[in-house]
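*Asks:* generate a structure from the sequence data that follows.
(one chain, ligands or ions: 1)
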Amino acid sequence: MEPSPRSSVIIIGAGVSGLSAAKVLAENGIGDLLILEASDRIGGRIRKEKFGDVSVELGAGWIAGVGGKESNPVWEIAAKLGLRTCFSDYSNARYNIYDRSGKIFPSGIAADSYKKAVDSAIQKLKGRESNCVEDATNRTDFTLQVEQPIFAFPCLDAKKSNANENILVFSFMHLEFWIEVEPISTYVDFGEREFLVADERGYEYLLYKMAEEFLFTSEGKILDNRLKLNKVVRELQHSRNGVTVKTEDGCVYEADYVILSASIGVLQSDLISFRPPLPRWKTEAIEKCDVMVYTKIFLKFPYKFWPCGPGKEFFIYAHERRGYYTFWQPLNTAIPGIHLKLAADLLLCHQHMENAYPGSNILVVTLTNDESKRVESQSDEETLKEAMVVLRDMFGTDIPDATDILVPRWWNNRFQRCSYSNYPMISNNQVINDIKAPVGRIFFTGEHTSERFNGYVHGGHLAGIDTSKAVLEEMRKDERQNDKQNQNFLLEPLLALTLTQADAVSGLHKCDVPTQLYLSGKLGIPEAIL
Ligand SMILES: Cc1cc2nc3c(=O)[nH]c(=O)nc-3n(C[C@H](O)[C@H](O)[C@H](O)COP(=O)(O)OP(=O)(O)OC[C@H]3O[C@@H](n4cnc5c(N)ncnc54)[C@H](O)[C@@H]3O)c2cc1C
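*Replies:* Coordinates of the predicted model:
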């Protein structure tokens, strides 16, 4: 197949990082860019889907890091677009812990166990820290966070659990989203609050609006042929002169630069091959990055049977099996008034915030890693049966069966292969630097390349901006170099001409040509000389 016209930059992937990168390039005058997206839509891990009568977020659901001194750029965009969001209050979840017989653990016991679990986690961390002699000097700062986002990073090792611990401590210890270690930047820099996106237009509305700013759209549809969907990139052939991109359907594209935004899970898979292969420092760094699988399972019921109201926004199922249908969230969660005020202070449009999805009768249960993979590999009917047993343990046998189930499969999606990156808990900066470092003309972007905010939507957004700035800088360098070469090239005939006039220029060398000839640039050289 004939190669398409060469582009200045090809962006692989139309998730938040790829689109942010493309937007910055377009704003800087790079019109001949091309975005190749493997799936049939933009958004990547930001994705809404109709379930029952409402749109639910299969991927990113929260804007995390709000209310601090520095403003989260994604929160700002959401505010500008009037995206409807609801404050998430995790503080009471520890008081809504059910055992297998449906009893709620008394709050005192729950709080004690919680503290015990946190202390134990801190001890584990300290142990790991002191064992980590090699990394100690370079390591990224980390802290123990509690009550942080449910999609965040685990710190506890399931395989080392002690069967004699009481069941409640056990369940806390294995709530990987409950007690966690993570880079603190999101919460320290942007604030500790989180808002659930509860808007029919979806979280992805942000991305459509972003795309609209530089791609041709009509009636909400992107019609610009610089965005090509269903283009699965399989090979990147790179040299010092440019990059050739080959897609699964046999198309070939050429560019001066490539920005690759595929997830860390995809980079760890064999979906994309590189010719020549990536250097060892790069592949090792990619391998070292942990990937997290996080799955939200949506269940629709004919009516609501779970408790609701303030303090009941989340509930937990304590089971001896790690992460077994542990964390539950009703989608029609009430929002305490105090947070309305906070939201109003933050200037977001929250006209009707009593319920995120009023009357939807939807429950969401979240699973991670091994449990996610297990559930992904079985049928939805089997998952539905398991979830119903858990719910009947908690709420009795009289509850109705779910009428519908939705199980996203991020791990088995070959264009994702993970939910988000999770750097090794005690990792040194070198790994992160290597993951984001370019290889020749291939630049890497995506949430996994964000040093401070990996794992988050704002991490992807900021990474895209940073990467495109780095590419622009390279392009400028290229331009300067080309100018120099062109001038040298253009000066050759001039010198040839003048050198024949031996009397005037005897002994003149190329480097001695007066600088004003250079300074005026190639357009400044009179055509007659050529
Ligand atoms: C279930 C879940 C819950 C989450 N919850 C939150 C949350 O609440 N808040 C939050 O801030 N973050 C959350 N995240 C993380 C957040 O969604 C991601 O960090 C962010 O969306 C990543 O954006 P990205 O551009 O780096 O990658 P992606 O969105 O993955 O974009 C990469 C794009 O590249 C495409 N691609 C891959 N391979 C190829 C190929 N070979 N050829 C062409 N195209 C290719 C993919 O199809 C994709 O569109 C969650 C993620 C998941 C999965």
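
*Asks:* return the residues in contact with the residue nearest the centre of the chain.
*Replies:* With the centre of the chain defined as its mean C-alpha position, the nearest residue by CA atoms, centre = their mean is Glu447, 4.0 Å away. Taking CB atoms under 8 Å, 6 or more residues apart in numbering as the contact definition, Glu447 lies against 16-17, 263, 420-421, 453-457, 459-460, 463. (C-beta placed from N, C-alpha, C; glycine too.)

*Asks:* from those, which are also near the ligand?
*Replies:* With the criterion set as CB under 6 Å from any ligand atom, the members of these near the ligand are Val16, Ser17, Ser263, Tyr420, Gly455, Tyr456, Val457, Gly459, Gly460.

*Asks:* so who does the residue lying closest to the first one once chain neighbours are set aside touch?
*Replies:* Here the nearest residue to Val16 in space, its sequence neighbours aside, is Gly460; by CB to CB, 6 or more residues apart in numbering that works out to 4.1 Å. Contacts for Gly460 (CB under 8 Å, 6+ apart) come out as Gly15, Val16, Ser17, Ser20, Ser261, Thr445, Gly446, Glu447, Ser450.

*Asks:* now tabulate the ones next to the ligand among the contacts of Glu447 in CSV and tack on secondary structure.
*Replies:* Output for the ones next to the ligand among the contacts of Glu447, formatted as CSV (DSSP: H, G, I helix; E, B strand; the rest coil):
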residue, secondary structure
Val16, helix
Ser17, helix
Ser263, coil
Tyr420, strand
Gly455, coil
Tyr456, coil
Val457, helix
Gly459, helix
Gly460, helix
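
*Asks:* of these, just say which sits nearest to Arg409.
*Replies:* Within the ones next to the ligand among the contacts of Glu447, distances to Arg409 taken as CB to CB reach their minimum at Ser263, with 14.2 Å.

*Asks:* list the contacts of the closest one.
*Replies:* With contact taken as CB under 8 Å, 6+ apart, Ser263 is in contact with Gly44, Arg45, Val291, Phe415, Gln416, Arg417, Cys418, Tyr420, Ser421, Gly446, Glu447, His448.

*Asks:* could you do Asp256 as well?
*Replies:* In this structure, Asp256 makes contact with Arg6, Ser7, Ser8, Val9, Gly242, Val243, Arg441, Met475, Asp478, judged by CB under 8 Å, 6+ apart.

*Asks:* closest to Asn28 out of these?
*Replies:* Of all the contacts of Asp256, Met475 has the smallest distance to Asn28: 8.9 Å, by CB to CB.

*Asks:* how far away is that closest one from Ser468?
*Replies:* Between Met475 and Ser468 the distance, using CB to CB, to the nearest Å, works out to 10 Å.

*Asks:* more neighbours: those two, which one.
*Replies:* Just comparing Met475 and Ser468: by other CB atoms under 10 Å the higher neighbour count belongs to Ser468, 29 against 18.

*Asks:* and the helix or strand hosting that one, how far out from the chain's middle?
*Replies:* In this assignment (DSSP states H and E), Ser468 forms part of helix 457-500. Centroid separation for helix 457-500 versus its chain: 31 Å, with CA atoms, centre = their mean, to the nearest Å.

*Asks:* can you tell me the average pLDDT over that helix?
*Replies:* When pLDDT is averaged over helix 457-500, the result is 82.

*Asks:* ok, now stretch 357-370?
*Replies:* Taken as a whole, stretch 357-370 has an average pLDDT of 89.

*Asks:* now do the buried residues in that stretch.
*Replies:* Tyr357, Ser360, Asn361, Ile362, Leu363, Val364, Val365, Thr366, Leu367, Thr368, Asn369 (16 or more other CB atoms under 10 Å).

*Asks:* now do stretch 221-228
*Replies:* Across stretch 221-228, burial judged by 16+ other CB under 10 Å covers Ile222, Arg226, Leu227, Lys228.

*Asks:* the ligand: which of these is nearest?
*Replies:* Nearest to the ligand among those: Lys228, at 9.2 Å, using CB to the nearest ligand atom.

*Asks:* so what's the closest residue to that closest one other than its chain neighbours up against?
*Replies:* If the residues on either side of it in the chain are set aside, Lys228 comes closest to Leu36, at 5.4 Å by CB to CB, 6+ apart. Contact analysis of Leu36 by CB under 8 Å, 6+ apart lists Ile10, Ile11, Ile12, Gly13, Lys228, Lys231, Val233, Val245, Thr247, Tyr253.

*Asks:* and if you look at Gly459?
*Replies:* By CB under 8 Å, 6+ apart, the contact set of Gly459 is Thr186, Glu447, Ser450, Arg452, Phe453.

*Asks:* could you check the pLDDT of the last one?
*Replies:* Residue-level confidence at Phe453 comes out at 93, pLDDT.

*Asks:* excluding sequence neighbours, find me the nearest residue to it.
*Replies:* On the basis of CB to CB, 6+ apart, the spatially nearest residue to Phe453 that is not a chain neighbour turns out to be Gly459, at 3.3 Å.

*Asks:* same deal with Phe315?
*Replies:* In space, not counting the residues next to it along the chain, Phe315 is nearest to Asn96; the distance is 4.0 Å by CB to CB, 6+ apart.

*Asks:* can you report how many residues lie near the one you found?
*Replies:* If you count neighbours by other CB under 10 Å, Asn96 ends up with 21.

*Asks:* and the gap between Asp393 and the ligand?
*Replies:* For Asp393, the distance to the ligand equals 25 Å [CB to the nearest ligand atom, to the nearest Å].

*Asks:* wait, a helix at that residue?
*Replies:* Yes: read with three-state DSSP, Asp393 is one of the residues of a helix.

*Asks:* surely it meets Lys103?
*Replies:* No: the pair Asp393 / Lys103 is not scored as a contact, 10.3 Å apart, by CB atoms under 8 Å.

*Asks:* out of these two, which sits in the busier spot?
*Replies:* Neighbour count, other CB under 10 Å: between Asp393 and Lys103, Asp393 has more, with 18 against 11.

*Asks:* assign a three-state SS to Glu388, would you?
*Replies:* Quick fix: residue 388 reads Met, not Glu. helix.

*Asks:* can you count the residues close to it?
*Replies:* Burial measure for Met388: 16 neighbouring residues, criterion other CB under 10 Å.

*Asks:* show me what contacts it?
*Replies:* With contacts defined as CB under 8 Å, 6+ apart, Met388 is in contact with Asp401, Ala402.

*Asks:* cool, and Pro279?
*Replies:* Under the criterion of CB under 8 Å, 6+ apart, the contact partners of Pro279 comprise Val439.
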